[in-house]
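Participant: Predicted model and sequence follow; I will ask about them next.
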There are 2 protein chains.
Amino acid sequence: MKKIAIVGGTHGNELTGIRLIEKWMKNTTLVARNNLDVELLYGNPLAIRNQVRFIDEDLNRAFHVDDLNNPPGESWESQQAHRLNKMLGPKFNNPSVDVIIDLHTTTSNMGNTIIIYNEPFNMKLAKYIQCHEDNVRIYISDKKAEDTVGLQSVAPHGATIEIGPIPQGVLFHEQFETMERTTYHALDFIQAYDNAPGFDITGEIEAYQRGVLIPYPTDESGKICAMLHKDIQNKDYCLLKKGDPMFITFSGKVMHYEGDAGFPVFINEAAYYEKNMALRMNKKIMLTIPPRDRL
Amino acid sequence: MKKIAIVGGTHGNELTGIRLIEKWMKNTTLVARNNLDVELLYGNPLAIRNQVRFIDEDLNRAFHVDDLNNPPGESWESQQAHRLNKMLGPKFNNPSVDVIIDLHTTTSNMGNTIIIYNEPFNMKLAKYIQCHEDNVRIYISDKKAEDTVGLQSVAPHGATIEIGPIPQGVLFHEQFETMERTTYHALDFIQAYDNAPGFDITGEIEAYQRGVLIPYPTDESGKICAMLHKDIQNKDYCLLKKGDPMFITFSGKVMHYEGDAGFPVFINEAAYYEKNMALRMNKKIMLTIPPRDRL
């Protein structure tokens, strides 16, 4: 764990991470840690300049290893993914960066969420943050390594810090400070892990395991014909049971949830509308973190 | 008061009004009223399709009478303003529409705000809504008629229904219903006013008079170097006094308000960032509505 990249603006309209990167570029001592080489960068500079999430396609879905091992496509983000893979990776092929911390915001009421791939170091990192910061939830993706597509998958380890609710294009002072502190906790953990071979984080973690996306109801022409019901608005991480109100059509008909009970996240995320997606239905799980000396 | 236009999507990423127009187009009886000719339309269809506030410039600042009386400029919105002026106006020249109701949302915590130009009919309309709906505030612009630039200025009367906080590109069920009810109150008022010569709304109204825009602090290069302080976030319509915390620089220095006490609105509106504007500082005033028979 020697080289760390902190990335803001992987989505160009998520201002909080962008302004933090700017802040740290002006004062690198804030992110300097013993024996760590910390690199600061903007994920999608062109999208940032245009104040949009992306130019052609979502950059944070553009890091599939097959795509990276082929010449880039025509989209700006495919080309940017290749550039980032060259700088930080190459993915799965002795990458130059050990850990990627990717800073995101959401319009959903997700609080302070650490999103990680299921891997011992990431779990230790997430639990460390949870021990040092109130109201942190861990969101875990069980994807096989070869299926991963997010920016953080370019390095062997990493975490996405996802904070909401924050509208696109807006800065909230309180959440700015939360993201700043959370990033410092992440760096503090990596520093301790790197410098103190006896240091470890073990035990159990409660996590929300990435489940399926639930689409908005659509009419015959495929157009969204309902919105999320007010009873579910802001209820990210609250148990949703079969029969609970979920949507209401624009003409006023309530539609109830018909699936198995679960823990919805990314409820009413603005960026999901273009995909017709209303939320993601996660499961709550307990995971045991293996001790360092067994890895 | 015979012809009414209800407009959604004057800003293309304010979904609530857009979906309401869609709903009403499918079921026009909801907005039908005795002897009223109610027209439903999208303000900026190209911006709606692109899910952006505007293509080239803010449509809701494009209705200055001098601009409308000259050939349109090259921007999409200048051309769209001319088209709308032809359909609904011409402004100041025996316009075809008597009242324009324009549906907007804001990322600021403005609740349900009725924005009107200072004119007796508009005040009656706003007070009627306030009598029929909880927590409605009236925001009044004292601009001289020849200086007005908003879409609603194309007709002799009108109101903007401005509801927040709602992120751009997002629908909230509760606020959708609030905007729907508020529009119905407006139509009910116009119907009563038109059909019952003895019907009137008089007395006083408390209003927030449009004041100056307060910019974000900037550094030597003109770049925003601070965000709104958490103490002022969501405090739209709450008295801000000299010495109250207002901004905090990205490096953590609190900056205090130095002007005269006032009532901030549009605090942390996403669309104001590109203009470097943090909020607008309004004044609270009382106005007396002249009786109908004195107009």
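Facilitator: Cool, the structure landed.
Participant: can you give me the helices for chain A?
Facilitator: Under the criterion DSSP state H, helices of chain A are mapped to A:15-26, A:45-50, A:65-69, A:76-88, A:120-132, A:173-195.
Participant: Tell me which of these sits nearest to A:D102.
Facilitator: Of all these, the one in closest proximity to A:D102, counting by C-beta to C-beta, is helix A:15-26 (7.9 Å). No exception for glycine: its C-beta is placed from N, CA and C like everyone else's.
Participant: If you count neighbours, what's buried in that closest one?
Facilitator: Within helix A:15-26, the residues that count as buried by 16 or more other C-beta atoms under 10 Å in any protein chain shown are A:15-24.
Participant: What helices and strands are in contact with that helix?
Facilitator: With contacts defined as 3 or more C-beta pairs under 8 Å, 6 or more residues apart in numbering or on different chains; DSSP states H and E, the packing partners of helix A:15-26 are strand A:3-8, strand A:37-42, strand A:99-105, helix A:173-195.
Participant: winner for burial among the ones you listed?
Facilitator: Of the helices and strands packed on helix A:15-26, the one with the most neighbours on average (mean count of other C-beta atoms under 10 Å in any protein chain shown) is strand A:99-105, at a mean of 27.
Participant: got the residues of chain A near chain B?
Facilitator: Residues of chain A lying close to chain B (C-beta under 8 Å from any C-beta of the partner chain) are A:15, A:19, A:22-23, A:26-27, A:51, A:107, A:165, A:167-174, A:176, A:227-230, A:233, A:248, A:250-251, A:268, A:270-271, A:273-274.
Participant: circling back to that earlier point, would you mind giving the helices and strands packed on helix A:15-26 as JSON lines with distance to A:I115 and mean pLDDT added?
Facilitator: JSON lines is the format used below for these (distance: least, C-beta to C-beta, whole Å; pLDDT from 0 to 100):
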{"stretch": "strand A:3-8", "distance to A:I115": "13", "mean pLDDT": "98"}
{"stretch": "strand A:37-42", "distance to A:I115": "19", "mean pLDDT": "98"}
{"stretch": "strand A:99-105", "distance to A:I115": "8", "mean pLDDT": "98"}
{"stretch": "helix A:173-195", "distance to A:I115": "12", "mean pLDDT": "97"}
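Participant: A:R33 is in contact with A:Q191, correct?
Facilitator: Yes - when contacts are counted by C-beta atoms under 8 Å, A:Q191 is listed as touching A:R33 (4.0 Å).
Participant: and A:L30, how many neighbours?
Facilitator: Neighbours of A:L30 under the rule other C-beta atoms under 10 Å in any protein chain shown: 15.
Participant: quick one: contacts for it?
Facilitator: Going by C-beta atoms under 8 Å, 6 or more residues apart in numbering or on different chains, A:L30 touches A:23-24, A:184.
Participant: Residue of chain A nearest chain B, please.
Facilitator: A:P167 (3.5 Å; C-beta to the nearest C-beta).
Participant: phi, psi of that residue?
Facilitator: Main-chain torsions, A:P167, degrees, to the nearest 10: phi -60, psi 150.
Participant: my guess is it contacts B:N109, does it?
Facilitator: No - counting by C-beta under 8 Å, A:P167 sits too far from B:N109 to count as a contact (11.3 Å).
Participant: between the two, who's got more neighbours?
Facilitator: Ranked by neighbour count (other C-beta under 10 Å), A:P167 and B:N109 place A:P167 first, with 27 against 17.
Participant: centroid residue for chain A?
Facilitator: A:T160 (3.7 Å; C-alpha atoms, centre = their mean).
Participant: Let me see the contact set for that residue.
Facilitator: By C-beta under 8 Å, 6+ apart, the neighbours of A:T160 are A:101-104, A:114-116, A:150, A:152.
Participant: do the same with A:D147
Facilitator: Counting by C-beta under 8 Å, 6+ apart, A:D147 touches A:H64.
Participant: A:G262: what's its closest spatial neighbour, skipping adjacent residues?
Facilitator: A:M281 (4.2 Å; C-beta to C-beta, 6 or more residues apart in numbering or on different chains).
Participant: Work out the gap between stretch A:38-54 and the centre of the chain.
Facilitator: 15 Å (C-alpha atoms, centre = their mean, to the nearest Å).
Participant: right, I mislabeled it, should have said stretch A:103-123
Facilitator: 5 Å.
Participant: Show me which positions of it end up buried.
Facilitator: A:103-123.
Participant: same check, this time on stretch A:257-270
Facilitator: For stretch A:257-270, burial by neighbour count (16+ other C-beta under 10 Å) applies to A:257, A:262-270.
Participant: Quick one: end-to-end length of it, please.
Facilitator: 21 Å (C-alpha to C-alpha, to the nearest Å).
Participant: List just the nearest of the buried residues of stretch A:257-270 to B:K223.
Facilitator: Nearest to B:K223, judged by C-beta to C-beta, of these is A:A270 at 25.5 Å.
Participant: hang on, the closest one packs against B:V170?
Facilitator: Yes - using C-beta under 8 Å, A:A270 is in contact with B:V170, at 4.8 Å.
Participant: what's the overlap in contacts for these two?
Facilitator: A:107, A:167.
Participant: need the contact list for the residue of chain A most remote from its centre.
Facilitator: Using C-alpha atoms, centre = their mean, the residue of chain A lying farthest from its centre is A:S251. It sits 34.7 Å away. Contacts for A:S251 (C-beta under 8 Å, 6+ apart) come out as B:23, B:26-27.
Participant: What pLDDT does the model give the residue nearest to the centre of chain A?
Facilitator: With respect to pLDDT, A:T160 scores 98.
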